[in-house]
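Engineer: Return atomic coordinates for the entry below.
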Amino acid sequence: MASDAVHIFTSPAYIRTRDLTWLLPLAGASGAAFATDTHTMRDVVSRNPSLNQTAVNVSDGLLYTSIATPVGMYAWGKIKGDERSRETGILGSQAITEAYAVGELVKVITSRERPNIDNANGNFFSAPSRLGSSFISGHSVIAWSSAAVIAGEYHNPWAQLGVYTAATGVSLTRVLGQEHFPSDVLIGSSVGWLIGHYVYRAHHHVPRKSK
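Structural biologist: Prediction:
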């Protein structure tokens with residue numbers, strides 16, 4: 001994991017021209033999200049307390065599922081002697097841990113206000129608590145790191161649809177719950193996926209299942 005941390009934080013130095021095919025669209029989408037964050041949270045997303053709380057509850061439930069799934073797969077793999085399931089559990093848990101650490105570090109550095117503060121201005125370096133910073137979404141970074149590992153191990157389209165739908169649900173409900181700005185979850189999701197994808201590519205040994 002220490003070695004992974006070095007690779008993760010030095011990864012910008014290894015960006016290649018071919019990476020622009022996804023970096024440029026991501027940069028464009030992020031810029032648009034930052035530009036419209038305040039309007040979205042003030043005028044588009046409902047501020048109904050009941051709806052917001054329901055969304056928060058859903059996001060929490062999906063997050064716990066994203067964390068519990070690798071743990072359960074590891075246990076199943078140990079009991080049944082299924083090496084792929086066991087590896088998925090190990091790498092999924094590793095990705096979640098590393099993604100959580102990265103997310104918390106970014107929160108401390110950026111200290112962005114939550115949408116429910118200061119009329120959703122979303123100012124950086126102004127949050128009452130650095131650990132309570134809005135940027136990036138911790139739920140999103142964890143959920144997408146777990147999903148990336150599972151999708152890497154299991155190439156079945158239904159399995160991939162399931163894990164990525166759950167991860168998308170986490171991100172959307174963080175916005176609907178007035179907990180995060182769209183840019184928080186967009187970049188948090190991207191960071192989580194990249195970390196999970198890296199952990200899978202760097203450490204998997206069991207041949208990927210195609211069906």
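
Engineer: where are the low-confidence patches of the chain?
Structural biologist: In the predicted model, the chain carries pLDDT under 70 at residues 9, 13, 208-211.

Engineer: all helices for the protein, in order.
Structural biologist: 2-10, 20-39, 49-80, 83-110, 138-153, 157-176, 182-203 (DSSP state H).

Engineer: For the second one, name the packing helices and strands.
Structural biologist: The contact analysis (3 or more CB pairs under 8 Å, 6 or more residues apart in numbering; DSSP states H and E) places helix 20-39 against helix 182-203. Heads up, the C-betas are built off the backbone N, CA and C, glycines and all.

Engineer: by contact count, what packs against the helix it packs on?
Structural biologist: Against helix 182-203 (3+ CB pairs under 8 Å, 6+ apart) you get helix 2-10, helix 20-39, helix 83-110, helix 138-153, helix 157-176.

Engineer: highest average neighbour count across those helices?
Structural biologist: Of the helices and strands packed on helix 182-203, the one with the most neighbours on average (mean count of other CB atoms under 10 Å) is helix 138-153, at a mean of 28.

Engineer: other SSEs contacting that helix?
Structural biologist: helix 49-80, helix 83-110, helix 157-176, helix 182-203.

Engineer: Indicate which one of those is closest to residue 31.
Structural biologist: The closest of the helices and strands packed on helix 138-153 to residue 31 is helix 182-203. By CB to CB, the value is 8.9 Å.

Engineer: Show me what counts as buried in that closest one.
Structural biologist: 182-200 (16 or more other CB atoms under 10 Å).

Engineer: for the spatially most central residue of the chain, what are its contacts?
Structural biologist: Geometric centre of the chain, nearest residue: residue 141, 2.0 Å, by CA atoms, centre = their mean. Neighbouring residues of residue 141 by CB atoms under 8 Å, 6 or more residues apart in numbering: 99-100, 102-103, 188-189, 191-192, 195.
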